[in-house]
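Trainee: return a 3D structure for these sequence lines:
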Amino acid sequence: MFFFLISSPPASAAGVEGAAATTERRQLAGVLDTRTQFSDGAYSIDGLAKMAKERGIQVLFINDHDKMALSYGLPPFPNLINKTVEMNSILKAKPATYLQAIGQARERYRGVIIIPGSESTPFYYWTGSPFGKNLTAHDHERRILTVGLTKADDYRHLPVIHNAGPLNGELLPKVVPFLAAFVLSIVMIVWRGWMRIAGIALTVVSFLFLLDNHPFRASPFDPFHGYQGARPYQRLIDYVSSRDGLTFWNYPETQSGVRRLGPIHVSTKPYPEMLLATQGYTGFSALYGDNSTITAPGNIWDAALKEHCRGYRTHPPWGVGTADYHKEGESGEKFGNYQTVFFVEENTAAAVLKAMRNGRMYARQGNFPRLPRLDEFSVSDAAGKQRGHMGDTIPMSGNPHIRIGISAASPAAAAEAETAAASPAAEAAARPATAAPPGSSSPTESSPPTGAPSPTGAPSPTGTPSPTGTPSPAGYSSHKGAPSPPGSSSPTDSSPPTGAPSPAETPIVKVRLIRNGSLIAEANGPLPLRFDYEDKYFQPGEKIYYRMDMEGMGKIVANPIFVVFTGAKP
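Mentor: Take a look at the predicted model:
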């Protein structure tokens, strides 16, 4: 195992790095989980798009509430005799209007990729009584983000509680007894005497029950029959997947879900177990405003990923950063503090959604514009012929070599690099980088490309051999350090690399490398930081994964890279 601290790439290389990425994969910074005036946000869609453009955010996800209502009813007709409070939402404003506003913002802010979606409350339920002052709405803030739904009907038919819909066949069995009673009552009315009186009474009662249990609802669930387990949420996940959309469990360890709300109580306790209780969702909030333990080594995320490796779960859950953004300065947060960064081949919504679906992204948090940047996270064989990045599954016939590179970069700098990449000079500078030799770090998720100019205009060193035998990326100065097992620090951790800012100017970060839920190595040091590790683990035929995270100058949570061991043990 080896640990390296490395110097920052030259400032003049920023534009060249972006240029090289235009032919491979580049990083696009995105903000997921934002609200607008269509629900409970402070700004219009145009206002958020303008803010994104000014702050160098290339991807903006709009996730307004699709339905925001609480309704309590009295038995035996709780859907008829009720008190309902409904706030602004996509369904209240009409989905077509919502999508039209997003389309108009796209036209006005062409430099920002705007992707529609929603925040859904599939289900909640009541306990207590309004007369006992203990009326409580449970799980109303157990939320799922939908991403990429582009048709008005996709929203109109969302299976969320209180949403009207077309005829729901699942509700017909509940209606049949009341319909039969209604037909019988009509027959009784034509009779004479007390049978007619009974028939009239039965007509009224059965008709009320028919109205109260009508089958024209998008969701078969209501809030009056207690906890329903994972079923309402799985239904939403399956519905969105059937329409080629993506779903993410939002803030699963919320710490603000239990409180008094006017005359009632609301109680949404942390729900990380839902990541294991449901299938087919795209991912979950790995970084957000609350402290998250799901991503700790050996916790629920690792349990779900190991289920995938063993074949029990078709889709691995990916981690994203969610902003829960309503207004600038709310809870001390700024637009851009929580981001999801995508590795894409082109600047399009389709490319972003593809990266999102396939886990080619990482979550990061900082104090905007001071944010960390994951320059590289890859797993390869010793020769570098087989190399995988986040979301990939690669065969491995020898010991895996893991490479991590982290620096400090702001979205504004990234935007400037993208602008520079479009210039003829940047395109010319990028051409040599496309011919990087095998074993060098890929421009996909790595540092400056081969041939990036130094401040003096001379080319940076290319392919300098590191002690592991694999070339260092161009522009890096590698410094050999001692092995760094979990819980210890390399002797070089406290000293800055050659040419790097002093520790007083550079934040100290901690990087953890995790294999199959177990912490196998960690490193501490100032940014920029380079961490190379050779793992001696090898089990023929087994599928495993590696993931990493970082804290110090904000946080990074990277998505896993899967490895399938082939051949005999080396």
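
Trainee: Gln279: how many residues sit nearby?
Mentor: With neighbours defined by other C-beta atoms under 10 Å, the count for Gln279 comes to 17. C-betas here are computed from N, CA, C, even on glycine.

Trainee: could you look up the SS state of it?
Mentor: The three-state label given to Gln279 by DSSP: H, G, I helix; E, B strand; the rest coil is coil.

Trainee: is it true that it touches Pro316?
Mentor: No. Counting by C-beta atoms under 8 Å, Gln279 stays clear of Pro316, with 11.3 Å between them.

Trainee: need the three-state assignment for the residue nearest the centre of the chain.
Mentor: With distances taken as C-alpha atoms, centre = their mean, Val320 lies nearest the centre of the chain, 2.8 Å away. Secondary structure, three-state DSSP: Val320 is strand.

Trainee: bridging residues for the residue nearest to it when sequence neighbours are not counted?
Mentor: Once flanking residues are discounted, Val320 sits nearest to Thr340: 4.6 Å by C-beta to C-beta, 6 or more residues apart in numbering. Beta-bridge pairing for Thr340 (DSSP bridges): Gly30, Ala363.

Trainee: so what's Thr340 up against?
Mentor: By C-beta atoms under 8 Å, 6 or more residues apart in numbering, Thr340 lies in contact with 30-32, 59, 320-322, 356, 361-364.

Trainee: with pLDDT and distance to Val175 added, can I get these in TSV?
Mentor: Supplementary listing: the contacts of Thr340 in TSV, determined by pLDDT from 0 to 100; distance: C-beta to C-beta, whole Å:
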residue	pLDDT	distance to Val175
Gly30	98	45
Val31	98	44
Leu32	98	40
Val59	98	45
Val320	98	41
Gly321	97	44
Thr322	97	39
Met356	98	40
Met361	98	45
Tyr362	98	49
Ala363	98	46
Arg364	97	51
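
Trainee: so which of those wins on neighbours?
Mentor: When the contacts of Thr340 are compared by neighbour count (other C-beta under 10 Å), Val320 ends up highest, at 34 neighbours.

Trainee: surely that residue touches Phe248?
Mentor: Yes. Counting by C-beta under 8 Å, Phe248 is a contact partner of Val320 at 5.9 Å.

Trainee: joint contacts of those two?
Mentor: Common contacts of Val320 and Phe248, defined by C-beta under 8 Å, 6+ apart, comprise 32, 283-285.

Trainee: and the two most separated of the residues you listed?
Mentor: Greatest spatial distance among those (C-beta to C-beta): Leu32 and Phe284, at 11.6 Å.

Trainee: shared neighbours of those two, anything?
Mentor: Counting by C-beta under 8 Å, 6+ apart, the shared contacts of Leu32 and Phe284 are 248, 320.

Trainee: hmm, back to that, from the contacts of Thr340, which is closest to Ile81?
Mentor: Nearest to Ile81 out of the contacts of Thr340 is Thr322 (C-beta to C-beta; 37.8 Å).

Trainee: ok, now which ones touch that closest one?
Mentor: Residues in contact with Thr322 (C-beta under 8 Å, 6+ apart) are 32-33, 145, 248, 250-251, 285, 287-288, 338, 340.

Trainee: equivalent analysis for Ala277, please.
Mentor: 229-230.

Trainee: distance of it relative to Gln228?
Mentor: Ala277 sits 12 Å away from Gln228, going by C-beta to C-beta, to the nearest Å.

Trainee: just Leu172 next, same as before
Mentor: Separation of Leu172 from Gln228 (C-beta to C-beta) stands at 19 Å.

Trainee: the more surrounded of these two?
Mentor: Shown here are Leu172 and Gln228; by other C-beta under 10 Å, Gln228 has more neighbours (17 against 11).

Trainee: got phi/psi on that one?
Mentor: Recorded main-chain torsions at Gln228 are phi -120, psi 20, according to degrees, to the nearest 10.

Trainee: quick one: the closest residue to Gly552 other than its chain neighbours and Ser518, what's the gap?
Mentor: Counting by C-beta to C-beta, 6+ apart, Val509 is the residue found nearest to Gly552 once chain neighbours are left out, at 3.1 Å. Distance, Val509 to Ser518, using C-beta to C-beta: 21 Å.

Trainee: what about the two, which has more around it?
Mentor: Legend: neighbour count by other C-beta under 10 Å for Val509 and Ser518, higher for Val509 (22 against 12).

Trainee: report pLDDT for that one.
Mentor: Confidence at Val509, expressed as pLDDT, is 95.

Trainee: any idea what it is bridged to?
Mentor: Residues in beta-bridge contact with Val509 (DSSP bridges): Gly525.

Trainee: now do the one 10 residues further on
Mentor: Beta-bridge partners recorded for Leu519 (DSSP bridges): Ile514.

Trainee: where does the stretch 301-450 of the chain dip in pLDDT?
Mentor: Residue ranges of the stretch 301-450 of the chain with pLDDT under 70: 410-450.

Trainee: ok, which stretches of it are strands?
Mentor: Here the stretch 301-450 of the chain has its strands, by DSSP state E, counting those that start in this stretch, at 318-321, 338-344, 361-365, 372-380, 387-388, 393-396, 401-408.

Trainee: for the stretch 151-300 of the chain, which segments count as helices?
Mentor: Ranges of helices in the stretch 151-300 of the chain, per DSSP state H, counting those that start in this stretch, are 152-156, 172-189, 194-212, 231-242, 274-277, 300-309.

Trainee: tabulate these (a markdown table), appending distance to Gln255.
Mentor: Shown next, in a markdown table, are these (distance: least, C-beta to C-beta, whole Å):
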| stretch | distance to Gln255 |
| --- | --- |
| helix 152-156 | 30 |
| helix 172-189 | 38 |
| helix 194-212 | 37 |
| helix 231-242 | 20 |
| helix 274-277 | 16 |
| helix 300-309 | 17 |
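
Trainee: which one, of the ones you listed, ends up nearest to Asp139?
Mentor: For the helices of the stretch 151-300 of the chain, the distance to Asp139 is smallest for helix 231-242, at 9.2 Å, taking C-beta to C-beta.

Trainee: what does that closest one contact?
Mentor: Helix 231-242 has contacts (C-beta under 8 Å, 6+ apart) with 120, 122-123, 142, 144, 146, 149, 157-161, 219, 221, 246-247, 274, 278-281.

Trainee: apply 7 Å and report the result again.
Mentor: With C-beta atoms under 7 Å, 6 or more residues apart in numbering as the test, helix 231-242 has contacts from 120, 122-123, 144, 146, 149, 158-160, 219, 221, 247, 274, 278, 280-281.

Trainee: tell me the mean pLDDT for that helix?
Mentor: The average of the pLDDT scores along helix 231-242 is 98.

Trainee: now do stretch 563-570
Mentor: So the average pLDDT for stretch 563-570 ends up being 84.

Trainee: how about Ile115, nearest residue that isn't a chain neighbour?
Mentor: Phe61 (5.1 Å).
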